[in-house]
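**Q** Here's a sequence, model it:
(one chain, ligands or ions: 2)
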Amino acid sequence: MDVTEQKYFSTIDFVLFVLLLVASMAIGLYYALSGRQQRTTREFLLADQSMKCLPLSLSLMATFQSAVAIVGTPAEVFTNGTQYWFIGCSYILGLLIPAHIFIPVFYRLHLTSAYQYLELRFCKAVRICGTITFIFQMIIYMGVGIYTPALALNAVTGFHLWGAVLATGLVCTIYTALGGLKAVIWTDVFQTVVMFAGQLAVIIVGVQQAGGLSHIWRKVIEGNRISGIDLNPDPTVRHTFWTLALGGVFLMLSLYGVNQTQVQRYLSSRTEKEAVMSCYMVFPCLQIALGLSCVMGLVMFACYSDNSPLDNQYITSKDQMVLYFIMDMLQDFSGLPGLFVACLFSASLSTISSAFSSLATVTMEDLIKPHYPSMVETRATLLSKILTFAYGLVCLVMAYVIHLMNGSVLQVTLSIFGMVGGPLLGVFCLGIFFPLANSTGAVTGLVAGLVLAFWVGIGGFVTQIPSITTVSTFLSHSVFLYFSAFSKPVGLYALYSLSYMWYSALNSSVVILIGLIVSLITGPMKQGELVAGTVYPLMDKAQDLMQKLLRPKSCVGSREQRVKWTHLPSNAMLQYYIDIHCSVLQVLIALCISVFPANWYMPGTNKWSCPNREKHCKGGREKDLSTIISGCLFGAGNISVTYNQKSYHLLVGV
Ligand SMILES: CC(C)(CO)[C@@H](O)C(=O)NCCC(=O)O
Ligand code: NA
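**A** Ligands and ions are numbered 1, 2, ... in the order given. All right, here's what the predicted structure looks like:
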């Protein structure tokens with residue numbers, strides 16, 4: 001290896017890169033000209049609601065898998081070992097919850113934009129706040145997505161930086177604007193295949209070049225890069241099992257549960273079941289992507305452990321590591337560098353096209369259409385296409401803004417997801433899980449969450465300046481001075497050093513907490529005010545689950561059969577106990593259920609509630625501490641009804 005040696009990009013590599021762009025463009029044009037030629041917004045923005053599960057799942061995965069993950073993950077494993085791999089554990093809950101909670105709620109409300117939900121559940125103002133927050137998040141993300149592969153390519157091969165940015169930006173804008181969501185999803189499928197092919201080819205050849213599997217294994221063991229499971233509960237440690245597997249769940253929820261790009265895909269599927277299935281199928285795809293990236297990091301480590309190109313200053317940032325490795329070790333395999341570069345750009349194209357499409361959708365549906373309710377379809381579709389172009393331009397501008405910063409792209413991107421996506425996740429959860437939350441609470445919560453997010457996020461950014469160089473130095477120093485002038489070192493410093501993997505969890509929880517407090521103060525939402533289907537009956541489902549788990553096998557049978565509400569005397573006062581046996585966990589769950597009786601917040605939908613409650617039941621919730629405690633201790637799955645000073649007990653599923 002030679003310091004001054006410039007790595008080249010051969011003709012065949014260049015051809016492969018151009019082929020990728022041409023093929024993507026061709027797919028876009030095909031969908032622009034097929035079907036009804038993208039004349040309605042339903043066709044243009046929701047792919048005619050005709051998508052099947054396999055293309056959807058590949059597209060779902062591709063959306064948040066950009067060049068950032070392709071270059072960032074191996075670099076992370078190269079420098080810090082395989083601890084990051086544990087983020088894979090967060091995919092379980094991070095996909096199960098969207099599949100079984102968010103998808104059913106959104107799908108059944110027949111939305112186009114996820115933010116329509118916020119208006120249905122709260123009010124217009126919350127919807128607008130949500131939309132703007134989302135636009136902000138995606139615009140930054142787009143900039144990172146388009147700039148990252150171009151920079152890596154430029155740094156290692158001298159390939160023209162802005163040429164690459166312009167070429168990808170233009171191609172992507174054109175196929176998205178012409179072909180609509182269908183083109184975006186099918187190019188995603190093609191690009192995912194290229195992405196996996198590129199990574200796999202590089203790993204296979206890389207393993208041979210590095211001296212075989214056993215040699216690699218010996219090297220990574222010697223270099224201590226296979227991390228054991230780190231169970232340290234300290235939330236300030238960057239990567240531990242908890243920050244990744246638990247904090248990661250919230251990150252995944254903000255991306256796969258409530259982010260418009262993904263919600264739009266769920267909504268474009270033919271049936272709800274197919275949407276749920278596609279969410280399930282993202283799991284193996286994401287695991288493969290993560291596994292390949294981590295393995296690539298290990299292969300790189302085996303090649304460079306004693307001779308790091310970073311230490312030798314052949315490259316300036318660890319995000320250039322992967323491309324350096326490919327140009328250095330695999331240059332003789334003609335076409336391989338090109339295939340990998342195609343892989344890198346595939347990852348980014350699939351991300352920014354999704355961003356364009358979702359941004360056009362929310363701008364149209366949430367910001368423009370409400371003001372022009374009578375706009376004709378052809379006009380709305382044309383406008384959506386123009387919006388796509390406009391966001392293409394915004395993306396190029398953002399690439400330039402990102403050019404002015406530099407840092408480790410993976411951490412920066414995931415931090416932004418947590419800082420902006422976290423509060424958004426919070427508002428959706430507030431609406432879906434807490435019937436008492438009102439609009440004032442939602443807006444206040446969201447704003448408070450965003451303020452906290454930027455405070456902690458920027459605080460963390462700035463206090464870590466020695467380890468990561470970020471933003472232009474001038475900006476960081478002025479922000480730093482600002483922060484040091486106002487901070488009380490110990491307490492705040494601790495907050496700033498919170499692991500970025502907790503950002504989503506912290507920020508969404510704060511939105512929920514503040515939202516609930518403000519709602520309680522300003523007058524909680526009343527039963528009748530809720531639009532049907534906007535709240536997920538969590539407590540009901542928990543009760544169902546408890547019943548299933550606790551009920552002895554011999555007593556299966558549905559509760560409805562046993563409880564006949566029509567047999568209740570009128571004016572009866574209802575109290576109910578939950579069937580609880582003695583484990584602590586069960587008592588805790590029972591307490592939660594007792595504190596929030598389902599019939600109080602879900603009129604009509606709760607199978608345990610009296611359908612004619614107003615008529616049958618006096619007053620509001622009939623519940624006091626003693627019923628809760630006795631319910632927990634002795635309650636045996638019964639509902640007790642007090643009528644004329646007499647108690648009647650109805651048996652429920654025991
Ligand atoms: C979103 C996750 C965490 C899901 O694995 C992963 O794809 C990732 O690290 N993405 C980084 C962002 C990006 O690649 O654009
Ligand atoms: Na992508």
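**Q** Please count neighbours and contacts with C-alpha atoms only from this point.
**A** Fine.
**Q** need the residues of this protein near ligand 1, please.
**A** Selection of the chain residues close to ligand 1 by CA under 6 Å from any ligand atom yields 64-69, 286, 410, 413.
**Q** low-confidence ranges in the stretch 1-150 of the chain?
**A** 1-6, 36-37 (pLDDT under 70).
**Q** Recalculate using a threshold of 50.
**A** Residue ranges of the stretch 1-150 of the chain with pLDDT under 50: 1-4.
**Q** hey, where'd the helices end up in it?
**A** Applying DSSP state H, counting those that start in this stretch to the stretch 1-150 of the chain gives helices spanning 11-33, 41-46, 53-63, 67-80, 87-97, 103-108, 114-121, 124-157.
**Q** Run the chain-centre distance for the second one.
**A** Meaning helix 41-46. 23 Å (CA atoms, centre = their mean, to the nearest Å).
**Q** tell me what that helix is packed against?
**A** Other helices and strands packing on helix 41-46, by 3 or more CA pairs under 8 Å, 6 or more residues apart in numbering; DSSP states H and E, are helix 161-209, helix 260-267, helix 377-403.
**Q** Show residues contacting that helix.
**A** 36, 38, 48-49, 112, 179-182, 264-265, 267-268, 357, 361, 377-378, 380-381, 384 (CA atoms under 8 Å, 6 or more residues apart in numbering).
**Q** Give me the buried subset of those residues.
**A** Neighbour counting with 16 or more other CA atoms under 10 Å marks 38, 48-49, 112, 179-182, 264-265, 267-268, 357, 361, 380-381, 384 as buried within those.
**Q** Quick check: residue 501 touching residue 248?
**A** Yes - if you go by CA atoms under 8 Å, residue 501 and residue 248 touch, sitting 6.4 Å apart.
**Q** any common contacting residues for these two?
**A** Contacts common to residue 501 and residue 248, judged by CA under 8 Å, 6+ apart, are absent.
**Q** My read is that residue 60 contacts residue 262, right?
**A** Yes - counting by CA under 8 Å, residue 60 does reach residue 262; the two are 6.2 Å apart.
**Q** Can you name the residues that contact the residue nearest in space to the middle of the chain?
**A** Taking CA atoms, centre = their mean, the centroid of the chain lies closest to residue 255, which sits 1.2 Å from it. Counting by CA under 8 Å, 6+ apart, residue 255 touches 64, 262, 417, 421.
**Q** Of all pairs in the residues you listed, which one is the farthest apart?
**A** Spanning the widest gap among the contacts of residue 255 are 262 and 417, at 14.0 Å by CA to CA.
**Q** and the stretch 501-650 of the chain, which residues reach ligand 2?
**A** By CA under 5 Å from the ion, no part of the stretch 501-650 of the chain sits against ligand 2.
**Q** can you list the weak-confidence ranges in this protein?
**A** Checking the chain against pLDDT under 50 turns up 1-4, 466-475, 485-489, 553-584, 586, 596-646, 648-654.
**Q** Spell out which parts of it neighbour ligand 2.
**A** Residues of the chain lying near ligand 2 (CA under 5 Å from the ion): 62-63, 65-66, 347-348, 350-351.
**Q** Need the nearest residue in space to residue 162, chain neighbours excluded.
**A** Excluding the flanking residues, the one nearest residue 162 by CA to CA, 6 or more residues apart in numbering is residue 150, at 7.5 Å.
**Q** swap that for residue 251, sorry
**A** residue 504 (5.4 Å).
**Q** hang on, the one you found is in a strand, isn't it?
**A** No - assignment of residue 504 by DSSP: H, G, I helix; E, B strand; the rest coil gives helix, placing it outside any strand.
**Q** show me the contacts for it.
**A** By CA under 8 Å, 6+ apart, the neighbours of residue 504 are 247, 250-251, 254, 417-419, 421-423.
**Q** cutoff 7 Å now
**A** Contact analysis of residue 504 by CA atoms under 7 Å, 6 or more residues apart in numbering lists 250-251, 418-419, 421-422.
**Q** Residue 245 now?
**A** Residue 245 neighbours (CA under 7 Å, 6+ apart): 86-87, 89-90.
**Q** swap the cut-off to 6 Å and go again
**A** 87, 89-90 (CA atoms under 6 Å, 6 or more residues apart in numbering).
**Q** chain center to the helix or strand hosting residue 351, what's the gap?
**A** Per DSSP states H and E, residue 351 falls inside helix 336-362. Per CA atoms, centre = their mean, the displacement of helix 336-362 from the mean C-alpha position of its chain is 17 Å.
**Q** and what of stretch 326-344?
**A** 31 Å.
**Q** Over to that stretch now: how far is its first residue from its last?
**A** One end of stretch 326-344 to the other measures 12 Å (CA to CA, to the nearest Å).
**Q** before we move on, what SS does the residue nearest to the centre of the chain have?
**A** What three-state DSSP gives for residue 255 is helix.
**Q** where's it relative to residue 342, distance?
**A** 25 Å.
**Q** if we can go back for a sec, most neighbours among the contacts of residue 255, which one?
**A** Highest neighbour count within these: residue 421, with 31 neighbours (other CA atoms under 10 Å).
**Q** how close does the closest residue to it other than its chain neighbours sit to ligand 2?
**A** Leaving aside its sequence neighbours, residue 421 sits nearest to residue 254 (CA to CA, 6+ apart; 5.6 Å). Remark: distance between residue 254 and ligand 2 (CA to the ion, to the nearest Å) = 17 Å.
**Q** Thought residue 427 was touching residue 254, still the case?
**A** No - counting by CA atoms under 6 Å, residue 254 does not reach residue 427; the two are 10.6 Å apart.
**Q** Which of the contacts of residue 245 has the largest number of neighbours?
**A** Of the contacts of residue 245, with other CA under 10 Å as the count, residue 87 tops at 24 neighbours.
**Q** ok, now how distant is the closest residue to it other than its chain neighbours from residue 237?
**A** In this structure, residue 87 finds its nearest non-sequential neighbour in residue 244, 4.7 Å apart by CA to CA, 6+ apart. Distance of residue 244 to residue 237, given as CA to CA: 11 Å.
**Q** Neighbour count for these two, which is higher?
**A** A direct count of neighbours by other CA under 10 Å for residue 244 and residue 237 places residue 244 higher, at 25 against 16.
**Q** quick one on the thing from earlier: what is the helix holding residue 351 packed up against?
**A** helix 11-33, helix 53-63, helix 67-80, helix 161-209, helix 377-403 (3 or more CA pairs under 6 Å, 6 or more residues apart in numbering; DSSP states H and E).
**Q** In JSON lines: those helices, plus distance to residue 119.
**A** What follows is the helices and strands packed on helix 336-362, written out as JSON lines (distance: least, CA to CA, whole Å):
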{"stretch": "helix 11-33", "distance to residue 119": "32"}
{"stretch": "helix 53-63", "distance to residue 119": "25"}
{"stretch": "helix 67-80", "distance to residue 119": "34"}
{"stretch": "helix 161-209", "distance to residue 119": "24"}
{"stretch": "helix 377-403", "distance to residue 119": "21"}
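**Q** What distance do you get for the residue lying closest to residue 151 once chain neighbours are set aside to ligand 1?
**A** Nearest non-adjacent residue to residue 151, counting by CA to CA, 6+ apart: residue 161, 6.0 Å away. Counting by CA to the nearest ligand atom, to the nearest Å, the separation of residue 161 from ligand 1 is 19 Å.
**Q** burial count for residue 161?
**A** Neighbours of residue 161 (other CA under 10 Å): 16.
**Q** Next one: it from residue 344, what distance?
**A** For residue 161 relative to residue 344 (CA to CA), the value is 14 Å.
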